[in-house]
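**Q** quick one: sequence plus predicted model below, questions after.
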Amino acid sequence: MAITARELRELSAIQIAERVKKRDLSAKEVTEAALDRMDAFEPHIHAFCTPGHDLARATAAALDERIAKGEAVGPLAGVPIGIKDLVATKDLTTAMGSALYRDFLPDEDDIVVERLKADDAIIIGKTNVPEFGYSGAGHNPIFETSRNPWNLEFTPGGSSAGSAASVACGVTPFAIGSDGGGSVRIPAALCGLYGMKASMGRVPLYPGCRDERYPGISSWESIEHIGPISRTVEDAALMLATISGPDMRDRHSLPKADFDWLEALGGDLNGLKVAYSEDWGYAAVEPAVREICRNAVKAFEQDFGCIVEEASPGWDDPLLTFWTLVAADSDLAGMRAWLPDHAHEMSPHLVDLLMRPWTAEDFTNANMARQAISNKMARFMSRYDLLLTPTIAVSGFPVHIQGPEVIDGRMVSSAHWLPFTFPMNMTGQPAATVPAGFTTAGLPVGLQIVGRHLDDPLVLRASRCFEQARPWSDAWPDLVRDAGL
């Protein structure tokens, strides 16, 4: 029985895989429906910089043939997925939003792509990113700017811009994102989705962040994570079960988890001690975001039986420290070598970062500051099971800028709308964003849930409890509803 594109968007990844394995649906039907939705929404959202129609169809046909023969297939059988264009794919161009890699075809897949293929997911294309991921917004010099399906004049966030925009339109039930300073959580929050950055090392990275042959690609090593952007918490856990686990190519990778990712969703939160900080004590936060997140936090106390206290870890604004760490993780020599001939083709903010006269003391001071933040967070989390914050400080802003200049009446720099996400990359803790509500303008707002070091199961359980108390997966942008898809 054929499935329509509209019916597909109502199915979770788990439901798709179950139906494909039972032969209630074919991988071909699911894939064609996903490609139809991609084609319908691409003129509006520009989520896919490199569509993969032929690859997806060939993969689906081969999977259907194996199923017809009675062969065993993986837990993601037939599930369509988009892959962020910072994540290497040997079958599809990986341009990373840069003219320097416009036609680059990697000689190997990223580890997570290998694992998704092995578990029989269907890759339908590469999703759009800012150049090399050096931005929380969604534009780059070579592809159309990604748009937020909830308001096409607004950014979907970044750097996993296309991944979030596509999932928000139901093109796929989930997509791969990467998160060096919030780049899974930021677009998930702005697009009304779930996004999780597991503890650093849970999901191995290579060649991204690790291959010294490729300037720009080899950046972000000490702060990067890869994770799911999805419509449901369960689908995020399903993906994490596939992509997590050690690999010798990533020296930071952790041993196999001592828990089951899907089983971690069960249980309650009764009696847990939870901290809530709505501004770290210094951040400018949009009043609507404060109000929506305060209301969301009430669920932890009133519905879940948690003990909630307003508290902050107590550090000063570490934004400059963060960008210094990014620079220290970058191949400055290799990327600076491009500037004489290619600066005009590169994002201005990236050129500015590369041209700054960084010193050894800048980098060592940033490392010391990271140690101090990690130590403060460890002491803080010894008193709390979970930490809640807004995911980002605003509910959105127009495309083609790096960030708002004014938040809650305060003049801010272009990156000060991101005070809550990047510290969790500096500490490496598990952190997720859940849809907390909508502004009066109809824009999604996210609540960030942070766990103790390596306590990914509790972050998942808290996310699932919130999802059950305040469901969000049936909320769709008018763009989707009006299309009738």
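**A** On my side now, so go ahead.
**Q** surely residue 317 touches residue 419?
**A** Yes - between residue 317 and residue 419 a contact is recorded at 7.1 Å, counting by C-beta atoms under 8 Å. Placement of C-beta: from N, CA and C, glycine included.
**Q** residues contacting the spatially most central residue of the chain?
**A** Most central in the chain under C-alpha atoms, centre = their mean is residue 184, positioned 1.6 Å from the mean C-alpha point. By C-beta atoms under 8 Å, 6 or more residues apart in numbering, the contact set of residue 184 is 160, 177, 178, 195, 196, 197, 225, 227, 228, 229, 433.
**Q** these in strands, which ones?
**A** Cross-referencing the contacts of residue 184 against strands under DSSP state E gives 177, 178, 195, 196, 197, 225, 227, 228, 229, 433.
**Q** tell me who's in contact with the closest residue to residue 305 other than its chain neighbours.
**A** Nearest-residue entry for residue 305: residue 270, 3.8 Å, with adjacent residues in sequence omitted and distances by C-beta to C-beta, 6 or more residues apart in numbering. Residue 270 is in contact with 304, 305, 306, counting by C-beta under 8 Å, 6+ apart.
**Q** who wins for most neighbours among the residues you listed?
**A** residue 306 (25 neighbours; other C-beta atoms under 10 Å).
**Q** OK, contacts around that residue?
**A** 269, 270, 271, 272, 273, 274, 300, 386.
**Q** and the last one, how many neighbours?
**A** Put plainly, it is residue 386. Neighbours of residue 386 using other C-beta under 10 Å come to 23.
**Q** which SS class is the nearest residue to it once chain neighbours are set aside?
**A** Of all residues not flanking residue 386 in the chain, residue 274 sits nearest, at 4.7 Å (C-beta to C-beta, 6+ apart). Going by DSSP: H, G, I helix; E, B strand; the rest coil, the secondary structure assigned to residue 274 is strand.
**Q** show me what residue 274 is bridged to.
**A** Counting by DSSP bridges, residue 274 forms beta bridges with residue 308, residue 386.
**Q** that one contacts residue 300, doesn't it?
**A** Yes - the criterion here is C-beta under 8 Å, and residue 274 meets it with residue 300 at 5.3 Å.
**Q** any shared contact partners between these two?
**A** Common neighbours of residue 274 and residue 300 (C-beta under 8 Å, 6+ apart) are 306, 308, 386, 388.
**Q** so the last one, which of the three states?
**A** Residue 388 carries the three-state label strand when classified by three-state DSSP.
**Q** just the pLDDT for the closest residue to it other than its chain neighbours.
**A** Nearest-residue entry for residue 388: residue 276, 4.5 Å, with adjacent residues in sequence omitted and distances by C-beta to C-beta, 6+ apart. For residue 276, the pLDDT comes out at 98.
**Q** for residue 276, give its distance to residue 289.
**A** 13 Å (C-beta to C-beta, to the nearest Å).
**Q** the more surrounded of those two?
**A** Between residue 276 and residue 289, counted using other C-beta under 10 Å, residue 289 has the larger neighbour count: 28 against 24.
**Q** over to that one. Which of the three states is it?
**A** Taking three-state DSSP, the label given to residue 289 is helix.
**Q** quick one, what contacts it?
**A** 390, 392, 393, 394, 395, 445.
**Q** quick one: buried residues of stretch 208-216?
**A** 208, 209, 210, 211, 214, 215, 216 (16 or more other C-beta atoms under 10 Å).
**Q** from the residues you listed, which single one is nearest residue 262?
**A** Nearest to residue 262 among the buried residues of stretch 208-216 is residue 208, at 26.1 Å by C-beta to C-beta.
**Q** A strand includes the closest one, no?
**A** No - going by three-state DSSP, the assignment for residue 208 is coil, not a strand.
**Q** touching, it and residue 89? I think so.
**A** No - Residue 208 sits out of contact with residue 89 when judged by C-beta under 8 Å, with a separation of 10.6 Å.
**Q** where do the contact lists of the two overlap?
**A** Counting by C-beta under 8 Å, 6+ apart, the shared contacts of residue 208 and residue 89 are residue 110.
**Q** that older thread, who's in contact with the residue nearest to residue 386?
**A** When contacts are counted by C-beta under 8 Å, 6+ apart, residue 274 touches 300, 301, 306, 307, 308, 309, 384, 385, 386, 387, 388.
**Q** widest-spaced pair of the residues you listed?
**A** Pairwise distances across the contacts of residue 274 peak at 14.7 Å for 301 and 387 (criterion: C-beta to C-beta).
**Q** compare these two and say which is more crowded by neighbours.
**A** Legend: neighbour count by other C-beta under 10 Å for residue 301 and residue 387, higher for residue 387 (24 against 14).
**Q** and the more buried one, how far from residue 195?
**A** To residue 195, residue 387 is 17 Å away according to C-beta to C-beta.
**Q** low-confidence bits of this protein, can you list those?
**A** Within the chain, the ranges that satisfy pLDDT under 70 run 1-3.
**Q** before we move on, which element is residue 163 in?
**A** Using DSSP states H and E, residue 163 sits within helix 161-168.
**Q** next, the angle strand 225-230 makes with that helix.
**A** With axes from the mean of the first three to the mean of the last three C-alpha atoms, to 10 degrees as the basis, helix 161-168 and strand 225-230 are set at 30 degrees to each other.
**Q** from the contact counts, what lies against helix 161-168?
**A** helix 27-45, strand 48-51, strand 80-84, strand 122-127, strand 174-179, helix 185-190, strand 225-230 (3 or more C-beta pairs under 8 Å, 6 or more residues apart in numbering; DSSP states H and E).
**Q** among those, which is the most enclosed?
**A** Comparing these by mean neighbour count (mean count of other C-beta atoms under 10 Å), helix 185-190 ranks first with a mean of 35.
**Q** who's in contact with that helix?
**A** Residues outside helix 185-190 that contact it (C-beta under 8 Å, 6+ apart) are 136, 138, 148, 150, 154-161, 163-165, 177, 179, 193-197, 229, 391-392, 395-396, 418, 421, 431-433, 435, 443-446, 448.
**Q** wait, is the residue nearest to residue 305 part of a helix?
**A** No - counting by three-state DSSP, residue 270 falls outside a helix, being coil.
**Q** residue most distant from the centroid, the protein?
**A** In the chain, the greatest distance from the average C-alpha position (C-alpha atoms, centre = their mean) is reached by residue 69, at 36.6 Å.
**Q** residue contacts, that residue?
**A** Taking C-beta under 8 Å, 6+ apart, one finds nothing in contact with residue 69.
**Q** measure it to residue 121 for me?
**A** Using C-beta to C-beta, residue 69 is found at 20 Å from residue 121.
**Q** same check on residue 130?
**A** The gap separating residue 130 from residue 121 is 25 Å, by C-beta to C-beta.
**Q** residue 146 now?
**A** Separation of residue 146 from residue 121 (C-beta to C-beta): 22 Å.
**Q** who has more neighbours, the two?
**A** residue 146 (32 against 29).
**Q** secondary structure element for the more buried one, which one?
**A** Assigned by DSSP H and E, residue 146 falls outside every helix and strand.
**Q** please look at it and residue 159 and confirm they touch.
**A** No - between residue 146 and residue 159 there is no contact under C-beta under 8 Å: 10.2 Å.
**Q** tell me, what's touching these two both at once?
**A** residue 138.
**Q** and the contacts of residue 306 as TSV, adding distance to residue 380?
**A** TSV is the format used below for those (distance: C-beta to C-beta, whole Å):
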residue	distance to residue 380
269	19
270	22
271	19
272	15
273	12
274	12
300	17
386	11
